[in-house]
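Student: One predicted model, sequence on top.
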Amino acid sequence: MILQAGGEPVNAARRSAAAVLAAAATTLCGAGLCAAGPCHAGGSARPVVVELYTSQGCSSCPPADALLRELSVRPGVLALGFHVDYWDELGWRDRFDLPLAAQRQSGYARRLQLSTVYTPQMVIDGREDVAGFDRARLLQSLAAPREGVPLHLEVRGAELAVRIDAAAAPADTDVFLVSYLPQATTAVGRGENSGRRLREFNIVRSLTPLGRWHGEASAWHVTLKSLPAEARGVAVLVQERDAGPMIGAASVALP
């Protein structure tokens, strides 16, 4: 689906889903997700961040959700599903929708000079967008290695410890904490996907600014009980301000 800049929805031509990515062996730390112990993404290769903007009310989105699943187990990729709320009015309210998802997507539209926001949309590393079912462009975008800032993420008892070592940095950088649910199934009773059981993956449940980073050594501590109860994983994104390019990313599973 496409949403015009003025806010009125327009049905895009329905396209059949592209074949999903070949299954990759699950390599948690290689994908930026450490199942146990600290996760470090310092001064070397880091996962590329792929954000899918999706909705249970969009009949074009299930193939993109399936593609996100393949990305979620692909080494070197941190895949996140942001559920927008602007299709809820079509008859089905997405139980995972977040107003901040649409706000973040609109920020990318401005930054990337796009005339519309739409679903399914994938934003890669804050640098470019592709349609959620465009496998060829997606694979091309994932091919280049990424270097990241010295970012460290670790669960210590009842808290999450985040640290960035001193390093060269852009003038203005934001640090975000993302919590997510690895997967869920929803039986849709109304709307464009009525009668379908949707499987969705790495569903974002919160996005919290931790602060700014300007290259100095910095640290943050977050209590686990402050995170949404359904969250089973967290990620930290280091990103140039105003929906700019990613310069750091790491994630870790919650106990």
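Tutor: Good, I have the coordinates.
Student: Residue 99 and residue 170, how far apart?
Tutor: 28 Å (C-beta to C-beta, to the nearest Å). Where C-beta positions appear, they are placed from N, C-alpha and C, glycine not excepted.
Student: which one of these two has more residues nearby?
Tutor: residue 170 (16 against 10; other C-beta atoms under 10 Å).
Student: these two touch, right, the more buried one and residue 247?
Tutor: Yes - if you go by C-beta atoms under 8 Å, residue 170 and residue 247 touch, sitting 6.9 Å apart.
Student: shared neighbours of those two, anything?
Tutor: With contacts taken as C-beta atoms under 8 Å, 6 or more residues apart in numbering, residue 170 and residue 247 have residue 240 as neighbours in common.
Student: what does stretch 89-105 rub up against?
Tutor: Contacts of stretch 89-105 (C-beta under 8 Å, 6+ apart): 9, 51, 53, 55-57, 81-88, 117, 121, 123, 181, 184, 186, 188-194, 200, 203-207, 243.
Student: Restricted to helices, list these.
Tutor: Assigned to helices by DSSP state H, none of the contacts of stretch 89-105 qualify.
Student: Would you write a ChimeraX line that selects the buried entries of those residues?
Tutor: Command for ChimeraX that selects the buried part of the contacts of stretch 89-105, burial taken from 16 or more other C-beta atoms under 10 Å:
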select :9,51,53,55,56,57,81,82,83,84,85,86,87,88,117,121,123,181,186,188,191,192,193,200,203,204,205,206,207,243
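Student: In strands, which of the contacts of stretch 89-105 fall?
Tutor: Assignment to strands by DSSP state E places the following of the contacts of stretch 89-105 there: 9, 51, 53, 81-83, 117, 121, 123, 181, 184, 186, 200, 203-207.
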